[in-house]
Each structure stands twice: as C-alpha cells, then as structure tokens.
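Q: Sequence plus predicted model, see below.
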Amino acid sequence: MKVKVLSRNPDDYVRETKLDIQRVPRNYDPTLHPFEVTREYTRALNATKLERVFAKPFLASLDGHRDGVNCMAKHTKSLSTLLSGSCDGEVKVWNLTKHECVRTLQAHEGFVRGMVVRYCGASFFTVGDDKTIKQWKMEAMGYGEEEVPLNTILGKTVFTGLDHHQKDGVFATCGQQVDIWDEQRSSPIRSFTWGVDSFSCVRFNPVETELLGSCASDRSIVLYDMRESMPLKKVIMTMRSNTLCWNPMEAYYFTCSNEDYNLYTYDMRYLQRPVTVHMDHVSAVLDVDYSPTGKEFVSASFDKTVRIFLKDGGHSREVYHTKRMQHVICVKWSADSKYIMSGSDEMNIRLWKANAAEKLGVLAPRERQAANYSQKLKEKFQHHPQIRRIARHRHLPKNIYHQTKELRIMKEARSRKERNVRKHSKPGTIPVVSEKEKHVVTVVQ
Amino acid sequence: MKKEGKKKLFYGSAGNYSVTTISLTAHACTGQFVVDKFNMAKVSKKKVNKKNLKKSFELTDESATVNEHVVYDDDEEEQELNEADENITSEEEEYGCEDDRKRQKLLEAISALGGKRKKRLGERSEAAVQMSEFTVNAEGEGDKIDLSDLIGTMDKTPAISAKTKNRLRKLQKSKKTIECPLSKQETERIQRDVAFQKAATEVSRWDGIIKQNQRAEQLVFPVNQEPSGPKPMERVVTSWKAQTPLEQEIFALLSANKQPITDPILTPTETASLKAMSLEEAKIRRAELQKARALQSYYEAKARRERKIKSKKYHKVHNKDKRKVFLKQFDEMVKTDPAAALEELNKMELARMQERMSLKHQNSGKWAKSKAVMAKYDEGARKAMQQQLEVNKELTQKLITSLNNEEEEEGVDVEVMPDFVNDAEQGLDSSNPWMRGKLSEDHTEKEISDIVDLSAEGAGVAENTAEEEEDTEKVEETEEEALLREFDSRRKLRQAQEADVVPVIGVDGEEEEEEVVVENKSAAEELDASDKEAEELTEFTSLFRGIAEQAEAAADASPSDTKTQLDEGLMRIKTLEDVELLSQEESAPEIASVQPQPSPATENLPHATQQGGKNRKRKRGIELKEVLTKETKVIQVPLAPTVEDKEDSDENLDQRGLIKEAFAGDDVISDFLRDKRKQEDAGKPKVVDLTLPGWGEWGGMGLKVSRNKRRRFRIKTAPPPPRKDERLPSVIISERKNSSISLHQVNSLPFPFENHSQFESIICSPVGRTWNTERTVKRVTKPKVVTRLGAIIEPMAREELMRDKNHGSAGNAK
C-alpha cells in the first residue's frame, strides 16, 4: 500500500535568511474579504480624524527684530538660511534649524523695502527708504569688523521692491518706475514707465527668465520683457494688487494678491480674465509665494492669517493663525516645499509646516506605505459628508469667523439684488457677469 | 494785519509802476540809479517792495492819483519783477559799457513789461525727476524756420556734392507734404503689441510640458535628479590621464581602433545603431519579422503539399474555385477600379482569342485521336474527351461583364415583376378571393382536386373560358413556351371539367362560390399573365367588373339559391356593431360599384368583399376613434342635438368600447395596487430559518426536523412599524430610504465624475493590501507629488523644454 504524504516546497514558506521578513501567504479571493467598501470607509474616516489630531503646523517663532518684519528672502543655495528685513532698516540672517539669528546688520535708514539673494548665494541685495540699493556679502564679517556693503547705488527715488534674475547678474527694482540694473553699473540699463505711478512689487519670471511682472499703484499689473524697450501689457483691476508671484513650474501663470481680499491667478497670455479667483481672506492680501513644486501657494493677509491655496482651487486648503500673530506682511515657501515662513507686524518670523499633519524627518518604508495608503483613502472618500466635514474643519479666531460670515451675507445680498434687478428689467439689458470677469476693469495694450 | 498787508501791497505795486514810467522819461540822468534799484530788488521781494515804496514817495505826486485805480495781483507783480530781474542780471557783467546798449536793453525790458503778458510754462515748484512732455517750451519760440534757412548754407559749402544739391533743390520745389509720422502714443502701442505677441508665443512653448505635468500621475521633485549610486571613475576624476608608458600604449591602441575608453563601452557604430533604434522598437521589429517568416514558411509548406496532390479532380475543383474567386474579385473591381478591370478584361479576351486560334482542347491532338479510337469502347476516354471540349467551351465563352448584364437583368425584372406583385398581395387579405392564391398553377391544382360546377353557371364559365382561349391564342403568338404549355394543359383540363360538370348538379353552395371565385380569379390572373405587363389595379378592377357583370347575368338564372346564401352570410356577423359596419361598408363606393346587390351566382363575392371590407372598416373605425378621443367635448354641448350628434354618441359608445378593448391589457389602477402590495410584502419581516439538519438528532433522507428544533431555530423578527402609506390608498411611500444612512452618503455627484457609475466604480474598487497584491497597492497608492527631503527644488529650467522637444521629435520619428 502506497502512503501519500503531504509535501510542500520549502521555498514557499522558508525565509532565505533570518533577517528577511516572514513570508505571509495571502489569499485574495474576494469572498474571503467581504465588506471592502465599508472597511475602507472606516479606515478613511480614522485617517481623516488622525490627520486632524496630528495637524500641528506651528514649528517655531524667530524673534529678535525690533520692528515689524517688512520683507524676507530665501537663500538660493542653503535651505536653512533665511534673511529678513524690518521696518527699522535692520537686516537679520537666521539659521532655521537652530532657530537663531546668526547675523544682524543695519542696512538702511527707514524701512528695508526689498531683499533678494543673488542666484549664486554669495551675496544679497537690499533696497530701503533711503533711496539706496546695497549689495552685501552673505558671509558674516569677522569679529570687530564693521558691516560694510559691497556696493551701494544711490537712486533718485525711493525703491519699493527688488528682484534678481535667475541666472544673470541683472536685477530689477521698482519705485516710480521699473528699472533693470546690471550689477556692474551704477545706473539702470533700462527703465520702464507707463504713465506716472509708483510700483509696489516687481518679480522676474523664474522660468522664462527675461519676463517680469509688476504691480502698480494705479491698480494695474504690468508685464515687461527685459529685452524690449517697452512694457508688454497691462491689466487694470478694480483694486490694487500688492504683490505678485510667478509659478516656478508653469511659465505663464502668475498669482497676485489684491487689496479686495482675493488672489487672482492669471495666464499672462490672456489677461482679460483671471484663470482662478482665490477667495477666503477677510482683509487685504499682502504677500503671496508659490511652493517650489508649483502646485500650491501661500498668502499672507492683513487679517492676521496665512492661507494655503491649491493653484487651481478657489478656496484655501489650510489656514494658519496664532493668537499673537498680527498682520502678516511677508510670507515665503521654503525651497524644499516643506516649510512656510511668515513675517508679521509684531516683529516675529514664524516657521510653519506646509502640510500640517505631515511627519517631519525620515519615514520608514512601512511608515511611508501607511501614509500613502491613508492619503489615498482620504482622497477616495473625500466626498463623503462625514469625512469632508472632519477634513475641512478648522478653528478660526472669533473675529475672522464673524467677518467671514458677514462677508458671505454681503455677497449673498449683492447677488440677490443683482438677480432682482435683472428680473425686473428688460431681458438682456443686465448681463450676467461671472466672478472672474468682475474684477478686471480693462486690459491696456 | 491783513488789511495793512494789502495796503502795503497796493502801494508796492503803485511804486513799481511809477518806477517804470519815470525811468522812461528821465532816463539819462537817473538811469544808473534805476538799474541799481532793480539790482537791489533782486535780493528780496520784501526789500523791493519797501524800496519801491520809498521811491514812490520820493518821486512823483501825480502818479499816486493815477495808480490808485490799478490793482495788481500779488503773483503777477512778482512775476513781472522776476522777469525784469532776469533781463537785467544778464547785463550785469557789462556794467560799465556803453549807454546805448544799456538803453536798448532797458527798452526791451520795459517793452516786455508793457507788452502782452505771456504766461511762461515749464516751471515747476515741486521737486520731481520727471517732467511732463506736455509742458515743454522751446527757446526761440515764435521764430519760424524755413527750409531755405537750413539749406541756404549748402551752396556755399563745397564739400556737398552736386547730386545732393540737386535733390535738395527738387525737394524745395516739390509742394507735396510728407505724411506726418504716427503719434508717440500710437507707435508705442504698436511696439508694445508686437513685443507682447512675441513674448506670448515664446511662453506658449511650455504648453506641452505644463499639460503633461498636470496630467502626470506622479511628479518627482527636484525635476532633474542625478541618479543615485556609484558613479563611474571617469566622471568623478575628470583630469585623469594616462601616464605610464604602458597605459599610454594601451590608450593609443584603443584610440587608433576607435575603441571606447570611457564608461558606456560601445563603439561609435554601436552607439549610432543604438541611437537609430531603441530597444523596444527593435523588439517590435524583430517580432514582426519573425511572424512574417513563420507565415511565409507556412504558405510554402502548404503550397508544396497542394502541389503534391495527384488527384485531377482536386485540381479541377481547385481551379474552378480559383476562377470563381477571380470572377468575384473582378466584379468588385469593375465597381471599384474600372481601369484595372478593363485591363483584366483585355487579358481574358486575349486568352480567349488564343484559345480560339489554337487547336488545343479541340480534340484534334494526338492524344485526342488515340482517345477517339478508344472512345467507342471505353467510357473513361469518352469522358476525357468530353472534358477537353468543356474546357474549350469554357475558355472560348464570351465574357459577360456586369455592364452588359444590367440590361438583361432589367428585362428579367420586367418579367418577374407581376409574380412578385401577386405574391405580396396574397398575404394581405386571406378573405379576399382576388387576393388569395398564387398564379395559375395553384388553381389548376385546385381545379383538379375539386371538380365541381353548376349547371346554371355553365354559360358564364363558358364565356370565361372563351375569353381565356382568346387570350391564350395571343399568348401563343407572342410568348414563351412554358406559359403556353401551362395554358394548354389548363385548357385541356377545363374542357375535361366542362365535360364532366354537366351531370353533377346540386352540390354545396360554398363550394360553388369558391369555384366561381376561383374561376373569376384565374381568368383575371391569366389575363394578367398573358399581358405580361405590370397591370395596374384599376385595370384589374375594371376587368373584374366586367366579369362580375357577366357573373350577374348568369346568376339571374338561378335566384333560388340566393336566400340561403345570404343567410349564411348574415350568420357570420356576430354583433350589432358588425351590422352597422356592414351597412356602412355597403355605402362604400368601391364595393357598391362592384356589387349593387348581392347576386346568387356571385354571392360569395360580396360576402367576401364584405368581410374584407369589414376588416378594413374596423381598422378605419379604430383609427377614427383614436382621433376622436375628445368625446367629452361632444357630450358637453347639450344644445341642438342633431342627427350627427346622435350618430356621434353612438360612435362614442363604440369608441369607449373600442378604447377599452384597445387598452384592455393595461389596467393602471390594479397595476398600482399590485405594486403597492408587492412593496408591502417586501417590507414585511421574514422568518429566518437557521435549522441545520443532522444537528442534535438523526439526519438523512426523509427525516423531518423536529418541531422543537424548528421552533428554536426559526427566528421571527419583530414586525416593523406601520407603513406611512397604510391609510393612503393611492400613494406608495418608500420605506427604504433611511435618513440615518443618508447622513453618510454622498448626495450629489462630485465634480470630476460624469455619471454615477463612474463614481461608484471608483468607490467600490478597494485599494488596500487586503484586497490587492503588493505591487498593485504600491502603484495605486503612490503619492502625486514626491519631494526629497532637504533638496532644493529649482524652478523649471529651459533645458527641460529642449529635452521635451527632443523626446517629442523622437516620438514623432517613431
């Protein structure tokens, strides 16, 4: 009689080495794993809840300035370095990892209006209310040495903004006009004017590096090409734009922060209407900066909050605020897209996480897998009301909350009135104007 | 205080005025003094005022009286003073020069004072870098410059060539004005527009990359990361050189043979080939080639096999097939590619000609002769010869192209038409004898099967047959043999019948009818056939009418049968409605003309037509009813009830019945009630049977589960709360909707999805590791944006664009 013996191939269940993880045979028969949707829903709900639990975006506050922080600059080569200029003309260089100031210098008399680090990271430029442009060495002076700028240019008027070219020794300032300077010369190589007004901000396009955009006080945004002698185009909006920022990954998109509480993303080729109107702030938006991935941007507002928007999202995905933070004047997104720096009126620079619930530091592979999975689940079930409710819940200071409500009521009332007027007038006489078109007055060629 | 000030000013002005007037008159003596005074006036306004004041007191008395009327504005006065200052200060240096010049200057200054006051522009009190372009004034304004002034010097200078001089002279003579250039604003605008267009196109180059990134499943930042891992030595140490003689020798050899030195160990040719074809392409190409080769070998093998087959029959059949296929292709070719078809045709024609010329296949060869000898005895030989002849026939047959065919087909169609028409009509109405049956073949059969006739009918029938005979004669004259044969046979049959019929009398009426009908019909159809044309229905009916009359005439002879037949006809009418319809149809013109009164001989005819008409009528009636469904309106008008109304009401009644009939299938109310009951039943709690056989007792076939167990394991759930629509008979309120669940459900379709099924499919497909393999999970859950910790993400660089372009071009090349 033959005896049949159960035989298994040890390759199927034996580890090659002791350090390998145990082999786990799995059976993917769906009947063995029922209720997949409900189980995943529960997981998604838990993940969402945990995300809210772990959402602690505030990392550090850098104090040391003796006046409000008016401008900041990212170091182009070092992630841990941040420069900030205050309203009393003082410039500070910070080490972000240590949360400490490494260098202080009295750069200007009056405000430090603008600041930018040269593309090589060896020096930086500042402009101030004292009508000067100064170039400074990035390295700190030796002990006992006096802080002396490498180069000083005396201008005729006050400069209000400054930006440096991505690759060349060329920078742009704005004040009564937009000037393009060669680093080697003491007079601008080119000046752009278009009517007499003052400009508040000028920015180089980081991708198409010869293009510039500027915000003027006559409520317009003007585009320039460095190689041309004339400005390119100008769009006039209902209210003044404070700053603009180009998308670092998408050459023709830029976003401007406006006095009318909104931000507008434009395609520079079609200025007749913005691509997206970003709403949520309840006061003038003072600064905007893109994430280096070009997917999101952060905005600072006079309403004492910092908000993060998706580049094509009409509303913010995140709002940051603390009890002590006053009007936020400047904001920057760090070059590794992980952090956000905000400088505010009450002399502090704050360091935030870009993703509030993200774990900092290196993730173990399994940890990363779990994070990815839960992220996917959250995404998958994001439309379910319970999950959405939790995911979207944010605490807001009372005054902002009430102001938001008030604004909403006002908006509703306005739209209602418009509707009524339309209803009681001859059809076709009052056209429906979309929100995007409302804010553009005209485009000037 | 203010008043005092004003007064002061007034005096001041008066003084000023007086000074000027006096200086005009008493210039020689006090000129010096006046100038001095003016110089002093330059120092300060106040002082000037004071001094003027003093002077006025010193000098004239009468001037005061005059000047009291003149009141100047403070500003104007100032301005005047300033002007005076300027004019005079310029002369200050030549203080001690001749009096004449001084006098001249003074005069000028004074004239300027007294003359028209031109407001000077271009002075701005505020400090500003920029001056407006609108407030510029040129020096020497008012002096006109002529072209001649400028050119005037030309003649004198010898350096200018005569040619230019000539041209200039011409220019001077010509009166044409040059178009004025565009205004500054406009030119600027145009420049801006052009510059913007340029920038926009430049920026639009990024469209592809941006779209691609937006669509990408995963983006990894920084964009162009260097691959991790060990780098080749050559890349790390760039300045390494061969130093030892051995090394140098080796490298010399390598370079001489164009062998690679650095890491990708490939010769230039290899790299070129790699560039030319990517791995994937090469794989695809190889697969294609393999396939082609395999196919070729299959075909070759097949052909070889086929060639080896010795059976002649096989080859014959094969060739025939081939020819058939070829002909089919040829037909198609005629339609699609006439030129090629013509060529083929020519080829075939040529082959035919050759065949006809040659003696091949003509049974004239050696082989054929030998066979002919054998043919007498050997069947095989005969067959072979026959085959050869067939081949010849086939080959020499004239080709019939579809082009030629068409006409023939048409001819055939003409022939076919009547048959076709008849067939179609046959199906229409079985009760109509004229529509029933087919062509005459059937009738002959029928006639054979039931040889029945009436004695009375004989005459009519005879007439019919006479007619037929006439027709057939015509046919014989003109038409084909087949038909002729048919008719002949039929005639013979008829004659035989007639001969038979005479003794047979008193058969069933029905049979008679049928017979007659058949006769008539056959006659008509024979007519039809003989004409060989598609006869119109009208002709048909007219003919038929004639026949009917004849039949009538014949029928008169036997009136006795009519009653019974009529009764029979009435018997078929079942309801009152039918009777009405009958009366109606009698009034119908067609049938009336055919049959004013039911006649005994053709009684079946009206009957049949009645039936047919009935059907038709009924159909029409239903249609009418469908149209007249607004019966309520008719009822709502009670006044002036006319005859029509009455009829209407009758009709209405009918309509109602008909509508009921029409909608007999769908009873809405009972359907609804059934639905409701169904829903209620579904909502009722069901008994859950959890009994398992064999547990706790004996199991097996035919054993019942014990009552005890059943009681224990059949679970009855509690009855649900009463339905909401319990008391509402005409409402179904669904109990299925659960508000507690709907709180967790998505109640509107989220944005990117287009329909519910899409969304559901996304939700229903699990992503976890419990349901998917490791690899799938990794793929599904990979994050959209990946950034490296501590890496600076640079903005998109222009090189990316170039890289993308290269990729694109490579892709296009593929």
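A: Perfect, I can see it now. Numbers count the residues shown, from 1 in each chain, chains lettered A, B, ... in the order given.
Q: In three-state terms, label A:Val102 for me.
A: For A:Val102, the assignment made with DSSP: H, G, I helix; E, B strand; the rest coil gives strand.
Q: element containing the nearest residue to A:Glu208 once chain neighbours are set aside, please.
A: Among residues not flanking A:Glu208 along the chain, A:Ala251 sits closest, at 4.9 Å (C-beta to C-beta, 6 or more residues apart in numbering or on different chains). C-beta: built from backbone N, CA, C; applies to glycine. Counting by DSSP states H and E, no helix or strand carries A:Ala251.
Q: Could you count how many residues lie near A:Ala251?
A: Neighbour count for A:Ala251, taken as other C-beta atoms under 10 Å in any protein chain shown: 27.
Q: Give me the local confidence score for it.
A: You'll see A:Ala251 listed with a pLDDT of 93.
Q: contacting residues for it?
A: Counting by C-beta atoms under 8 Å, 6 or more residues apart in numbering or on different chains, A:Ala251 touches A:Asn205, A:Val207, A:Glu208, B:Val203, B:Trp206, B:Ile210, B:Met796.
Q: Taking the residues you listed, tell me the two that lie furthest apart.
A: Farthest pair in the contacts of A:Ala251 (C-beta to C-beta) is A:Asn205 and B:Ile210. Separation: 13.6 Å.
Q: Just give me the longest helix of chain A.
A: For chain A, the longest helix by residue count, based on DSSP state H, is helix A:398-423.
Q: Next secondary structure element downstream of that helix?
A: Trace forward from helix A:398-423 with DSSP H and E and the next one is helix A:435-438.
Q: Which strand or helix spans whatever residue of the stretch 51-200 of chain A ends up closest to chain B?
A: As assessed by C-beta to the nearest C-beta, chain B sits closest to A:Lys156 within the stretch 51-200 of chain A, at 5.1 Å. If you go by DSSP H and E, A:Lys156 is not part of any helix or strand.
Q: roughly how far apart are it and A:Val285?
A: 31 Å (C-beta to C-beta, to the nearest Å).
Q: Wait, A:Met239 touches A:Asp260, no?
A: Yes: using C-beta atoms under 8 Å, A:Met239 is in contact with A:Asp260, at 4.2 Å.
Q: more crowded one of the two?
A: More crowded of A:Met239 and A:Asp260, by other C-beta under 10 Å: A:Asp260, with 19 against 14.
Q: residue ranges for the strands of the stretch 151-300 of chain B, please.
A: Taking DSSP state E, counting those that start in this stretch to define them, one finds strands in the stretch 151-300 of chain B at B:219-221.
Q: Helices along that one, start to end?
A: Listed in chain order, the helices of the stretch 151-300 of chain B (DSSP state H, counting those that start in this stretch) span B:162-173, B:184-204, B:207-215, B:233-236, B:245-256, B:268-276, B:279-308.
Q: can you redo those helices as TSV with mean neighbour count?
A: Converted to TSV, the helices of the stretch 151-300 of chain B look like this (neighbours: other C-beta atoms under 10 Å in any protein chain shown):
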stretch	mean neighbour count
helix B:162-173	11
helix B:184-204	15
helix B:207-215	14
helix B:233-236	10
helix B:245-256	11
helix B:268-276	11
helix B:279-308	10
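Q: between A:Met239 and A:Asp260, what contacts are shared?
A: A:His439.
Q: and the stretch 101-250 of chain A, which residues reach chain B?
A: A:156-157, A:166, A:176, A:193, A:196, A:206-209, A:211, A:223, A:225, A:228-233, A:248-250 (C-beta under 8 Å from any C-beta of the partner chain).
Q: List buried residues within the residues you listed.
A: A:166, A:176, A:206-209, A:211, A:223, A:225, A:228, A:230-233, A:248-250 (16 or more other C-beta atoms under 10 Å in any protein chain shown).
Q: Return the subset of those residues lying in strands.
A: A:Leu211, A:Leu223, A:Asp225, A:Pro231, A:Leu232, A:Lys233 (DSSP state E).
Q: possible to save those as a markdown table with distance to B:Leu350 and pLDDT?
A: Output for these, formatted as a markdown table (distance: C-beta to C-beta, whole Å; pLDDT from 0 to 100):
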| residue | distance to B:Leu350 | pLDDT |
| --- | --- | --- |
| A:Leu211 | 76 | 95 |
| A:Leu223 | 78 | 95 |
| A:Asp225 | 76 | 94 |
| A:Pro231 | 81 | 93 |
| A:Leu232 | 76 | 94 |
| A:Lys233 | 76 | 93 |
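Q: Tell me, how many residues neighbour the residue of the stretch 551-700 of chain B found nearest chain A?
A: Scanning the stretch 551-700 of chain B for proximity to chain A using C-beta to the nearest C-beta identifies B:Val688 as nearest, at 19.1 Å. When counting by other C-beta under 10 Å, one arrives at 10 neighbours for B:Val688.
Q: B:His361 now?
A: 19.
Q: what kind of secondary structure is the residue nearest to it when sequence neighbours are not counted in?
A: What sits nearest to B:His361 in space, not counting adjacent residues and going by C-beta to C-beta, 6+ apart, is B:Asn392, at 3.8 Å. At B:Asn392 the chain is in helix, as set by three-state DSSP.
Q: Would you mind measuring from B:Asn392 to B:Asp675?
A: Using C-beta to C-beta, B:Asn392 is found at 80 Å from B:Asp675.
Q: got any ranges where the stretch 1-150 of chain A has weak pLDDT?
A: The stretch 1-150 of chain A contains no residues with pLDDT under 70.
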